[in-house]
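Trainee: Next input, structure requested:
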Amino acid sequence: MATPEPSPDASASAAEDQSADDARAAAEAAADAALRDGTAQGAAPYWYTLTVAPDGVTDRRELWQSPDRPGLLVWGGDLGNTEATAPSYTAGRFRIDGQWIDEVRDADVLPTDPAALEQVFRDSIEPDRRSGSDDEKVYGMAYDLLNNNPGWLPTALLQAAWQVAGSLPGSTVVPGEDSLGRAGEVLTRPGAQGGAERIVVDPATGLILEMNSGASTRVFQQSPADAVPAQPSLDGTGCRSWDAC
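Mentor: Below you'll find the model as predicted:
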């Protein structure tokens with residue numbers, strides 16, 4: 001028996017549905033690119049971070065992160081030792097204009113003026129969250145912005161966080177370089193709670209080059225990335241595919 005061909009009306013409806021799906025996908029892609037405009041990540045789907053000891057071998061950890069896709073964690077440069085991670089899209093919990101936002105997903109709500117950003121940090125201090133003095137808690141918030149998901153945060157926001165961290169009592173900032181000879185600004189804060197005691201940052205980007213916490217030193221290499229080198233199980237990520245969540 002011959003298979004009946006779809007009616008012209010059905011074909012037109014299917015074409016319209018496909019066109020609507022394509023338009024929706026294009027709009028979402030454009031929105032994603034706009035969201036990341038002015039960031040180090042740009043329109044690339046992933047932000048790649050390598051952290052390793054100065055010898056380039058010890059404690060090697062590679063991370064591909066995305067605000068809207070699953071990420072990938074690789075230990076020791078071994079693609080057989082990988083783990084999928086959930087999307088990274090929050091800048092933290094802050095009180096802005098008197099209102100608490102538990103997960104800041106639109107980083108544009110955070111000011112890029114250092115004085116205004118420090119005020120947001122101070123307004124967001126909670127007695128049962130973080131440890132140490134109010135200055136230590138502010139330092140911890142600035143440190144978290146610099147260290148967590150920096151690729152998708154606006155460059156101006158990272159620079160403001162760096163200035164806040166360096167301006168606090170107990171912090172000193174001088175020109176210097178990291179263990180690889182890369183020039184930057186060096187912040188030291190002896191006994192820092194909730195953040196590294198010594199950080200080297202590229203002031204032009206706000207990106208960390210090196211971090212020292214106690215006896216541990218880690219150097220950072222960061223850049224946009226187009227793809228992940230492996231796709232392990234997505235269990236626990238909340239995602240069904242590697243293309244989107």
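
Trainee: Strands along this structure, start to end?
Mentor: Chain-ordered strands for the chain, with DSSP state E as the definition, fall at 46-52, 61-65, 71-75, 82-85, 94-96, 99-101, 172-177, 183-188, 198-202, 207-213, 216-225.

Trainee: Which neighbours in the sheet does the fourth one have, and how are they oriented?
Mentor: In this case it means strand 82-85. With DSSP bridges as the test, strand 82-85 is paired with strand 71-75 (antiparallel).

Trainee: What are the buried residues along the partner strand?
Mentor: 71, 72, 74 (16 or more other C-beta atoms under 10 Å). Every residue, glycine included, has its C-beta placed from N, CA and C.

Trainee: Please apply the same query to stretch 54-64.
Mentor: 60, 62, 63, 64.

Trainee: mind saving the C-alpha coords of that stretch as PDB?
Mentor: What follows is the C-alpha trace of stretch 54-64 in PDB, where atoms were taken according to Å, rounded to 0.1, in the frame of the first residue of the first chain:
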ATOM      1  CA  PRO A  54      54.600  26.200  39.200                       C
ATOM      2  CA  ASP A  55      56.400  23.000  38.000                       C
ATOM      3  CA  GLY A  56      53.600  22.600  35.400                       C
ATOM      4  CA  VAL A  57      52.800  19.000  36.500                       C
ATOM      5  CA  THR A  58      51.800  18.700  40.100                       C
ATOM      6  CA  ASP A  59      48.100  19.200  41.100                       C
ATOM      7  CA  ARG A  60      47.100  19.700  37.500                       C
ATOM      8  CA  ARG A  61      43.400  20.500  37.200                       C
ATOM      9  CA  GLU A  62      41.500  21.600  34.100                       C
ATOM     10  CA  LEU A  63      38.000  23.000  34.000                       C
ATOM     11  CA  TRP A  64      35.700  23.900  31.100                       C
END
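
Trainee: so what's the most centrally placed residue in the chain up against?
Mentor: The residue at the geometric middle of the chain, judged as the C-alpha nearest the mean C-alpha position with C-alpha atoms, centre = their mean, is residue 149 (1.1 Å). When contacts are counted by C-beta atoms under 8 Å, 6 or more residues apart in numbering, residue 149 touches 47, 65, 67, 88, 89, 90, 91.

Trainee: rerun at 7 Å
Mentor: By C-beta atoms under 7 Å, 6 or more residues apart in numbering, residue 149 lies in contact with 65, 88.

Trainee: rewinding a little: check the strands of the chain for me and report the most buried one.
Mentor: Of all those, strand 198-202 has the most neighbours on average by mean count of other C-beta atoms under 10 Å, namely a mean of 23.

Trainee: Can you pull out the low-pLDDT segments for this protein?
Mentor: Judged against pLDDT under 70, the low-scoring parts of the chain cover residues 1-37.

Trainee: returning to that earlier point: how about CSV for the buried residues of strand 71-75, with distance to residue 177 added?
Mentor: Below are the buried residues of strand 71-75 laid out as CSV (distance: C-beta to C-beta, whole Å):
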residue, distance to residue 177
71, 30
72, 30
74, 27
